[in-house]
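Peer 1: What follows is a predicted structure for the sequence shown.
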Amino acid sequence: MYAFSRAVNSMHSEDIKQLMKQASGKNLISFAGGMPNNDLFPVDQIDDIYKSLPEDIKKLCFQYGPTSGYPPLIKSLESYLKEKGLPVGENRILITTGSLQAIAIITQEFVNEGDIILTENPSFVGALSVFETAGAEIHSIPIDKDGIDIKALKSKIASLDRKPKFLYVTPNYHNPAGIIYTPERKKQLLEVLSGTGIILLEDDAYSDLYFNEDEKHLTRSMKSFGVENVEIIYTGSFSKILGPGFRLGFMLSSEEIFEKAETVKQSMDACTSNFMQILANDFLAQHKLEPYLTFLRKEYLERKNLLQKHLKTHMPKEITWNEPKGGFYIWLKLPPHIKSTDIFKETVSKGVVFVTGRTFDPASKKDDRLRLSFSNMPKEHIEKGVIILSETIKRALQSSKISLS
Ligand SMILES: Cc1ncc(COP(=O)(O)O)c(C=O)c1O
């Protein structure tokens, strides 16, 4: 028996380990994986990029680099973020090993054991595992179809005896809820935080994956609103727009926060892989990202439409969901007496997996939802998966009616 630290007890980390196994399980129809399908990756383009690198840059790929990131990639990211209206000039970019590392860095930078972090409910499980591992006290605020519940947020802040270190939100194409905050809700959120000293951690992993060009403006980040009196740390990722295997993310923050974050990162992994930064930089610098995103948007829209169509055809009327406008996820709502964990036990024995609702509840309890990802599975499996899931839900509804009567 070893004397393990408290950090090993994160319930959500256990959930993720399970999830990663299921997402990549052979012979499964998997709605579980929040990642692109392997067939969508820009393999040939990355091949060409590496082959055409000058010899000295190829050698640099194998080397350590500065903790803050590969300078040409920082420059390319500056242009990419400027395009999105972000205030790059007065802030600093730190390249991270995935945006999950940015979340971990920010947590180490600000959070001592027992400190309060505010999250949405539901919330991205990766972030929850980081917060739990740090020993934070997590308080969550419900979201609806337009974003975080403003009234609940205000009363939560008023009820606390200590100031939360930060509020963590994913406003664009939420994981798992699939929603996008309305511009109004983004504004209201900033108004609530204004002057409180609570930092806003804005996680923007999906904003490039809108389905409709006319709705691009809705993805505008809160950090670009130019609001004073709210400190915002913005994080982004290459995982959903280039490939999670790159393990590349970044954070944009004020100079003071950047400097301490760089110190934390140094102690974590010294620097992010030069190899991946160099390849990603050429992808951006050679203007390959935008055409690739155009391809991805079309592909994900098609997948979303397919899943939507089959759900409409096969799901019993008691099951509801919001149609997403971008991103990867549909968040099904079950009647309150049906648990997604029970549905899962049955579908997995029939070869269909998804992620249960309780995985995304900071308290690991609320279980009347399930997350279906349409990004990862072969398109031709979607209907079969939906039929198996619908039949299972119908049976659960039937037996709950029998036991109620
Ligand atoms: C909302 C959100 N933030 C961050 C991440 C982490 O991405 P990365 O692979 O860059 O660590 C994910 C991945 O699923 C995500 O859904």
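Peer 2: On my side now, so go ahead. Residues are numbered from 1 along each chain as shown.

Peer 1: What is the neighbour count of P72?
Peer 2: P72 is surrounded by 15 other residues when neighbours are defined as other CB atoms under 10 Å. (Each C-beta comes from the backbone N, C-alpha and C, glycine too.)

Peer 1: Break the protein down into its domains, please.
Peer 2: With automatic domain parsing as the criterion, the domains of the chain are listed as 6-42+290-404, 57-285.

Peer 1: what's the most buried one of those domains?
Peer 2: Mean neighbours per residue, mean count of other CB atoms under 10 Å, is largest over the domains of the chain for domain 57-285, with a mean of 19.

Peer 1: Can you verify my assumption that G85 contacts S224?
Peer 2: Yes. In this structure, G85 sits in contact with S224. The criterion is CB atoms under 8 Å, and the distance is 3.9 Å.

Peer 1: I'd like the domains of the chain laid out as JSON lines, including distance to Y50 and mean pLDDT.
Peer 2: As requested, the domains of the chain are exported to JSON lines (distance: least, CB to CB, whole Å; pLDDT from 0 to 100):
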{"stretch": "domain 6-42+290-404", "distance to Y50": "12", "mean pLDDT": "91"}
{"stretch": "domain 57-285", "distance to Y50": "6", "mean pLDDT": "97"}
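
Peer 1: Mind checking those for the one nearest to the ligand?
Peer 2: Proximity of the domains of the chain to the ligand was assessed by CB to the nearest ligand atom; the nearest stretch is domain 57-285, lying at 2.8 Å.

Peer 1: can you tell if the closest one touches the ligand?
Peer 2: Yes. Domain 57-285 comes into contact with the ligand (CB under 6 Å from any ligand atom), by way of 98-100, 124, 126, 170, 175, 203, 205, 237, 239, 244, 249.

Peer 1: what about that domain, start to end distance?
Peer 2: 15 Å (CA to CA, to the nearest Å).

Peer 1: same check, this time on stretch 343-356
Peer 2: Using CA to CA, the gap from the first to the last residue of stretch 343-356 comes to 9 Å.

Peer 1: again with stretch 57-66
Peer 2: Looking at stretch 57-66, the gap from its leading to its trailing residue is 15 Å under the measure CA to CA.

Peer 1: how about the strands in the stretch 51-200 of the chain?
Peer 2: With DSSP state E, counting those that start in this stretch, the ranges of strands along the stretch 51-200 of the chain come out as 92-96, 116-121, 137-144, 147-148, 166-169, 199-203.

Peer 1: got the residue ranges for the helices in the stretch 1-150 of the chain?
Peer 2: When assigned using DSSP state H, counting those that start in this stretch, the helices of the stretch 1-150 of the chain occupy the ranges 11-23, 43-51, 55-61, 71-83, 99-110, 125-133, 150-159.

Peer 1: Would you reformat these as TSV and include distance to P316?
Peer 2: Compiled in TSV, these are given as follows (distance: least, CB to CB, whole Å):
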stretch	distance to P316
helix 11-23	24
helix 43-51	41
helix 55-61	53
helix 71-83	44
helix 99-110	36
helix 125-133	27
helix 150-159	30
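
Peer 1: Which stretches in the stretch 151-300 of the chain count as helices?
Peer 2: For the stretch 151-300 of the chain, applying DSSP H, counting those that start in this stretch gives helices covering 183-193, 255-269, 274-285, 289-314.
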